[in-house]
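Engineer: Provided below are the primary sequence and the corresponding predicted coordinates.
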Amino acid sequence: SGRKLAGRITGADLIKNEITATWRSVTDSYPDAGTVIEIGGQDSKLITLKDGEISGFRLNSVCAAGTGSFIQQQASRLGITIDELSALSLSATEKARFTGRCTVFAETEMVNLQQRGFSAEAIAAGLADAICQNYLKDLSPGMALHPPFLFCGGVAGVRAVVKAFEEKLSSPVTVPPFYRTAAARGAALLAMDMCRDGTDRKLSVLNHVPPPPEDEKPCGRNDCRSCGKCSLPKTL
């Protein structure tokens, strides 16, 4: 989103989309990866790979249901953190069943399940399961999913959701150490690919910040530029 505009503003030498950047990041460390599951704060993606190349991809077609914001809302509804929600799910002996995909409907169902006597553990486990099912129902039809499976995006940090995918896919799901920054890492790798000649392509404005006067200490703030002493450059 906005990559072409950002590229024009910064004078970028290379403009790539998030799918390509995520692919580059994953295959750099996991060249045999077969499928990339990506769920972020507001959207989700599915990328299939063959011989290290992208063979197909799909973006979520609905609202933010099943993404990080959805999980945050449901955890807040229960009055707990996302980590606590995940821990409850992993300790559950039964799962409550959610049928709706919309966040509003899920909240209504949660109230109903609570009134029916389901425990917080069962509701948490049902939420994790619903996230996985809704993702696969929305993105996977018509696509061949093959292991090894990689899980990127902030939601990959929720162990209960990872477990739900492993159960549905009947296969281990790997969460790489760079799962939160996979696309940014891939963008950096793509930039390195085209600058192997050692050419310095740093943004020059960041290399020419004038030092403060010797008798004057710089301002410790970095969110304004009105005092003339901020550590950030005055113009970008």
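Structural biologist: On my side now, so go ahead. Quick caveat: nothing in here was measured; it's all calculated off a predicted structure.
Engineer: tell me what the lowest-mean-pLDDT helix or strand in the chain is packed against?
Structural biologist: Scoring the helices and strands of the chain by mean pLDDT, DSSP states H and E places helix 103-115 at the bottom, with a mean of 75. Packing contacts for helix 103-115, counted by 3 or more Cβ pairs under 8 Å, 6 or more residues apart in numbering; DSSP states H and E, involve helix 68-78, helix 120-139. No exception for glycine: its C-beta is placed from N, CA and C like everyone else's.
Engineer: neighbouring strands for the next helix or strand after the longest one, and are they parallel or not?
Structural biologist: I take that to be helix 120-139. For helix 120-139, the succeeding helix or strand toward the C-terminus, using DSSP states H and E, is strand 149-152. The strands that strand 149-152 pairs with in its sheet are strand 35-39 (parallel), strand 173-174 (parallel) (by DSSP bridges).
Engineer: Throw those strands into JSON lines and include mean pLDDT, mean neighbour count and distance to residue 164, thanks.
Structural biologist: Formatted as JSON lines, the strands paired with strand 149-152 follow (pLDDT from 0 to 100; neighbours: other Cβ atoms under 10 Å; distance: least, Cβ to Cβ, whole Å):
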{"stretch": "strand 35-39", "mean pLDDT": "96", "mean neighbour count": "27", "distance to residue 164": "11"}
{"stretch": "strand 173-174", "mean pLDDT": "97", "mean neighbour count": "20", "distance to residue 164": "9"}
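Engineer: the least confident helix or strand of the chain versus helix 120-139: what angle between them?
Structural biologist: 150 degrees (axes from the mean of the first three to the mean of the last three Cα atoms, to 10 degrees).
Engineer: list the buried residues in helix 103-115.
Structural biologist: 103, 106, 109-110, 113 (16 or more other Cβ atoms under 10 Å).
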